[in-house]
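**Student:** sequence and predicted structure, then a few things I'm wondering about:
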Amino acid sequence: MAASVSDIGADSVVDTECPPETDRRGVWGDVGYIFHLIAFHIRRDAVPALLLWVVVLGAGAVGSFVQLRYIRELANVTNGLVASDRSLVVAALAAALAFIVLTAVHHGLQTVFNYTFRIRMRTVLTSDLLGRWLGGSSFYRPSQGATLDHPEQRVQEDVYNFCQYLVQLVPSLVTAVTSFYLYSDQLWLLSTPLPIPVLGIGQIVLPKGLYVLALVTAVVATTSAHLIGRIYTRLDVVRQRIEAGFRHDLGQAREFAEQIVLGGGQAIEESRARHDYALIQRNWKPYTGAAASLETVRVLITLLVTIIPTFILFPLVLAGKMQVGDLTIAGVAFGAVYQAFGSVSTNYPTFALLRSASQRIRMMDASLSYRQPSGFVHVAADGPTFSAHDLNVESVTGDTLFKLGNLTIRPRERWLVRGMSGAGKSTFFRVMAGLWPFGSGTVEHPSGEMRVMFLPQTPYLPNGTLAELLSYPDARGAFSEADYRKVLSDVRLERLVGDINEARAWAKRLSPGEQQRVVFARALLQKPDFLFLDEATSSLDPLTEAAMFEVLAKRTPEVALVTIAHTDRLSDHHTHQLQIDDGLAVATRLQTGSQVPLNPNDGKRHD
Ligand SMILES: Nc1ncnc2c1ncn2[C@@H]1O[C@H](COP(=O)(O)OP(=O)(O)OP(=O)(O)O)[C@@H](O)[C@H]1O
């Protein structure tokens with residue numbers, strides 16, 4: 001069966017007690033982090049956040065007050081009927097109707113506030129994660145082990161879920177606390193002593209039995225919900241990851257459809273997707289079990305709570321010592337006191353999902369805060385040069401890839417970087433760009449406003465207009481239409497002039513050679529001071545390749561060029577060479593047909 005990204009930690013989907021992605025800080029760790037996110041939202045969104053929190057919390061309290069008044073009016077209707085008091089029944093029915101209207105309006109308004117709250121909190125969290133991920137140093141991070149899985153899902157779906165579950169849960173907790181405050185007195189007053197049979201003694205009488213029973217029920221319910229709910233949380237974290245893996249692999253298949261079909265890989269892609277789905281199915285069984293157990297306990301206890309007071313108090317009603325309406329109030333009061341202490345159990349499915357979303361956000365938060373220590377020192381050079389000193393470039397496992405003594409790249413110099421595949425040529429670019437942390441040495445970056453541009457072998461071509469593509473990463477307004485026409489003609493892509501303002505999926509529409517020429521046009525347009533080309537003309541025929549280097553020399557004579565290439569053809573277009581072989585980078589000056597050592601100390605052979 002084809003391996004897939006979902007396989008990272010797949011063994012632990014069901015079998016192990018604690019899958020790697022599950023949080024180990026426990027329930028209080030999660031609750032602490034949930035409060036941390038709430039505090040973050042309030043700090044960032046200031047007054048609107050505080051107002052929304054007040055409204056969301058207040059709406060819960062108002063809701064329980066209106067509900068209490070409604071239930072009291074229903075009790076009055078019952079008492080009025082029993083006492084055959086027509087005016088009491090009519091007045092109570094009218095008041096009950098008014099509370100029904102009030103409840104409907106309240107729910108409508110609450111929905112508006114809840115949705116507003118969700119989008120504002122989501123905006124704050126999304127903006128923070130996006131800024132730190134896409135705008136931060138962790139966007140590209142070479143690493144030895146598996147990196148954080150599916151950050152895109154965490155930013156989009158987990159943040160969405162977090163805000164939704166939070167706004168669902170918080171008002172119910174507030175309602176529970178308010179209800180306790182409003183009903184507790186009545187339950188205390190209505191609570192009669194409760195005789196409990198005890199083996200050997202006969203029976204003991206529990207004072208305020210109904211009240212105590214509500215507390216005991218809450219503790220039992222919360223404990224059982226927690227025991228089942230933590231498994232549910234864990235399985236949901238796993239579910240999120242394997243669902244994302246399934247989506248990712250299907251997306252890859254769509255993206256690389258042509259390559260897959262040409263390579264005859266449909267069967268293996270199907271097998272990979274089926275394997276992903278099999279993991280989802282495998283996780284679904286225990287997930288269903290946990291969800292069903294949680295729901296059974298929740299419904300069982302919620303229903304028991306409605307009947308326990310009648311069990312205890314009905315003899316008093318039959319004996320005429322209590323009114324039927326009071327029995328209704330006792331039932332509601334019992335439920336409210338239970339809710340106040342047992343609301344965690346009633347809302348545990350939501351709480352478990354909130355925990356799962358918070359754990360995934362927290363893992364991303366921690367990953368974004370992690371700073372990979374770099375062995376290289378990056379400093380600004382005094383002048384317009386880009387240099388490297390005493391580099392020992394290592395692989396992620398700590399093996400030396402190559403050593404380099406001293407290298408200084410000056411304006412107008414054209415360096416050809418050569419070496420066997422895997423020798424470390426692209427890694428040398430990564431070191432110069434400050435992306436590679438493994439190794440030691442010093443890199444001096446050109447000073448001031450000098451612009452450095454790196455062009456990879458496989459260029460990144462985002463969808464959009466050709467003008468946007470050519471301007472990338474600058475905004476398209478940075479250049480005129482005449483500039484775009486000129487560079488398209490320079491790179492022999494005049495046929496695309498009509499598409500300057502047309503939005504297209506360029507990665508699908510252009511041949512690899514055309515893609516490389518579009519990226520070359522980018523360099524001609526943006527005129528960097530230092531241009532690093534990583535096999536950026538590998539898909540071009542020799543004539544077109546030569547034409548690209550000639551036009552580059554003509555249009556940007558001042559640029560310092562560093563080119564990785566496997567072909568001898570490019571020697572004529574370059575003045576210097578850096579040969580990386582057998583763990584050593586050696587710099588030479590290129591003269592027609594020969595190489596002259598630049599400096600005997602430039603390269604130090606490592607043993
Ligand atoms: N992001 C990464 N994470 C881990 N290892 C990497 C990463 N990028 C490169 N490597 C490893 O570093 C070594 C050097 O790779 P590099 O891409 O620099 O080689 P190269 O000389 O450019 O090869 P080629 O000529 O085939 O493009 C290789 O063994 C490669 O597997």
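**Tutor:** Here it is on my side, so go on.

**Student:** state the three-state secondary structure for residue 141.
**Tutor:** Look at residue 141: counting by DSSP: H, G, I helix; E, B strand; the rest coil, its state is coil.

**Student:** tell me the residues of the stretch 351-500 of the chain that contact the ligand?
**Tutor:** Within reach of the ligand by CB under 6 Å from any ligand atom, the stretch 351-500 of the chain has these residues: 395, 396, 401, 419, 421, 422, 423, 424, 425, 426, 427. Placement of C-beta: from N, CA and C, glycine included.

**Student:** looking at these, which are in strands?
**Tutor:** Among these, the residues falling in strands (DSSP state E) are 401, 419.

**Student:** what's the PyMOL line that selects buried ones from the residues of the stretch 351-500 of the chain next to the ligand?
**Tutor:** Burial among those is assessed by 16 or more other CB atoms under 10 Å; the matching PyMOL selection reads:
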select buried, resi 395+401+419+423+424+425+426+427
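
**Student:** any chance of the residues of the stretch 351-500 of the chain next to the ligand in TSV, with pLDDT too?
**Tutor:** Output for these, formatted as TSV (pLDDT from 0 to 100):
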residue	pLDDT
395	92
396	87
401	95
419	93
421	91
422	90
423	92
424	93
425	94
426	93
427	94
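
**Student:** narrow the residues of the stretch 351-500 of the chain next to the ligand to those in helices?
**Tutor:** Mapping these onto helices (DSSP state H) picks out 425, 426, 427.

**Student:** other residues contacting stretch 497-510?
**Tutor:** 461-467, 469, 481, 484-485, 488-489, 515, 518 (CB atoms under 8 Å, 6 or more residues apart in numbering).

**Student:** correction: stretch 117-125
**Tutor:** Here stretch 117-125 has contacts from 37, 40-41, 44-45, 48-49, 52-53, 55-56, 159-160, 162-164, 166-167, 361, using CB under 8 Å, 6+ apart.

**Student:** as a whole number, average confidence for that stretch?
**Tutor:** The pLDDT scores in stretch 117-125 average 95.

**Student:** among the contacts of stretch 117-125, which are located in helices?
**Tutor:** 37, 40-41, 44-45, 48-49, 52-53, 55-56, 159-160, 162-164, 166-167, 361.

**Student:** ok, back up a step: out of the residues of the stretch 351-500 of the chain next to the ligand, flag the one nearest to residue 223.
**Tutor:** Closest approach to residue 223 among these (CB to CB): residue 396, at 46.2 Å.

**Student:** shouldn't the closest one be in contact with residue 439?
**Tutor:** No: using CB atoms under 8 Å as the test, residue 396 is too far from residue 439 to be in contact (10.5 Å).

**Student:** most centrally placed residue in this structure?
**Tutor:** residue 154 (1.9 Å; CA atoms, centre = their mean).

**Student:** leaving out sequence neighbours, find the closest residue to it.
**Tutor:** Using CB to CB, 6 or more residues apart in numbering and skipping the chain neighbours, the partner closest in space to residue 154 is residue 364 (4.4 Å).

**Student:** about what we covered before: mind putting the ones in helices among the residues of the stretch 351-500 of the chain next to the ligand into JSON lines with distance to residue 128?
**Tutor:** Listed next are those as JSON lines, based on distance: CB to CB, whole Å:
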{"residue": "425", "distance to residue 128": "37"}
{"residue": "426", "distance to residue 128": "32"}
{"residue": "427", "distance to residue 128": "32"}
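
**Student:** so residue 349 versus the ligand, what's the distance?
**Tutor:** 41 Å (CB to the nearest ligand atom, to the nearest Å).

**Student:** what of residue 49?
**Tutor:** Residue 49 sits 40 Å away from the ligand, going by CB to the nearest ligand atom.

**Student:** do the same with residue 501
**Tutor:** 36 Å.

**Student:** that's a helix at that residue, yeah?
**Tutor:** No: under three-state DSSP, residue 501 falls outside any helix and is assigned coil.

**Student:** what number of residues lie near it?
**Tutor:** Burial of residue 501 is recorded as 12 neighbouring residues (other CB atoms under 10 Å).

**Student:** repeat for residue 444
**Tutor:** Here the count is done by other CB under 10 Å, and residue 444 has 18 residues near it.

**Student:** assign a three-state SS to it, would you?
**Tutor:** Counting by three-state DSSP, the backbone at residue 444 sits in strand.

**Student:** which residues does it contact?
**Tutor:** 379, 380, 381, 385, 386, 387, 388, 389.

**Student:** buried ones only from the residues you listed, please, as a PyMOL command.
**Tutor:** In PyMOL, a selection of the buried entries from the contacts of residue 444 looks like this (16+ other CB under 10 Å):
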select buried, resi 381+385+386+387+388
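
**Student:** among the contacts of residue 444, which ones are in strands?
**Tutor:** When these are checked against strands (DSSP E), the matches are 379, 380, 386, 387, 388, 389.

**Student:** check which helix or strand the residue nearest to the second one when sequence neighbours are not counted maps to.
**Tutor:** Once flanking residues are discounted, residue 380 sits nearest to residue 447: 5.1 Å by CB to CB, 6+ apart. Here residue 447 is covered by no helix or strand, with elements defined by DSSP states H and E.

**Student:** isn't residue 447 up against residue 386?
**Tutor:** No: judged on CB under 8 Å, residue 447 makes no contact with residue 386 at a distance of 10.0 Å.

**Student:** tell me where the stretch 51-200 of the chain is predicted with low confidence.
**Tutor:** By pLDDT under 70, the low-scoring segments of the stretch 51-200 of the chain are 136-138, 142-147, 179, 186-187, 190-199.

**Student:** I should have written the stretch 201-350 of the chain there, sorry.
**Tutor:** Applying pLDDT under 70 to the stretch 201-350 of the chain flags the ranges 201-204, 206, 339-342.

**Student:** quick one: the strands in it, in order.
**Tutor:** 202-206 (DSSP state E, counting those that start in this stretch).

**Student:** nice, that's everything, thank you.
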